[in-house]
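Q: Show me how the following folds:
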Amino acid sequence: MLELARQAQHGRPVRTAEIAAAQQIPEKFLELILVELRRAGLVTSARGPIGGHRLARDAERISVGDIWRAIEGQQESRSRNGKRSAADPFAAVWSQVDQAVSEVVDEMTLEEIRARSDSRQSVPDFSI
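A: Predicted coordinates:
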């Protein structure tokens, strides 16, 4: 999505291979992600010699939460396949965690991430 936001200013569709190379993602894995993003209405795609992928709407109108849910699924489906038991002593904790995360990602737009990235204010890397 970041690469599509970066390329949106050029007005042309972006090929899967270009996105994969720019973001260092295997093409086959990227294709699976693009299916989910299309299904969520965040990306449009066209085939052919002038085909490729585009954002379905402006980056200012796409939240990081939209992207996250498109790829990861709804919160309920992430925890025990949607089955949170009231007897689970951590149920309230996980509910609060889900709510806090949602508040953060729903307030942040793809355009903000693109601007940070372009100005070299990188998005924090929490990988281990």
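
Q: all contacts plus neighbour counts: C-alpha atoms, from now on.
A: Noted.

Q: Tell me which residue lies farthest from the centre of this protein.
A: Using C-alpha atoms, centre = their mean, the residue of the chain lying farthest from its centre is Ala87. It sits 33.0 Å away.

Q: Can you verify that residue is assigned to a helix?
A: No: if the criterion is DSSP: H, G, I helix; E, B strand; the rest coil, then Ala87 is coil and not within a helix.

Q: buried stuff in the longest helix along the chain?
A: Longest helix of the chain, by residue count under DSSP state H: helix 91-107. With burial defined by 16 or more other C-alpha atoms under 10 Å, the residues of helix 91-107 counted as buried are 102, 105.

Q: Quick one: list the elements packing against that helix.
A: Using 3 or more C-alpha pairs under 8 Å, 6 or more residues apart in numbering; DSSP states H and E as the contact criterion, the elements in contact with helix 91-107 are helix 64-72.

Q: Please list the outside residues in contact with the helix it packs on.
A: Helix 64-72 has contacts (C-alpha atoms under 8 Å, 6 or more residues apart in numbering) with 1, 33, 36-37, 39-40, 42, 75, 78, 102, 105-110.
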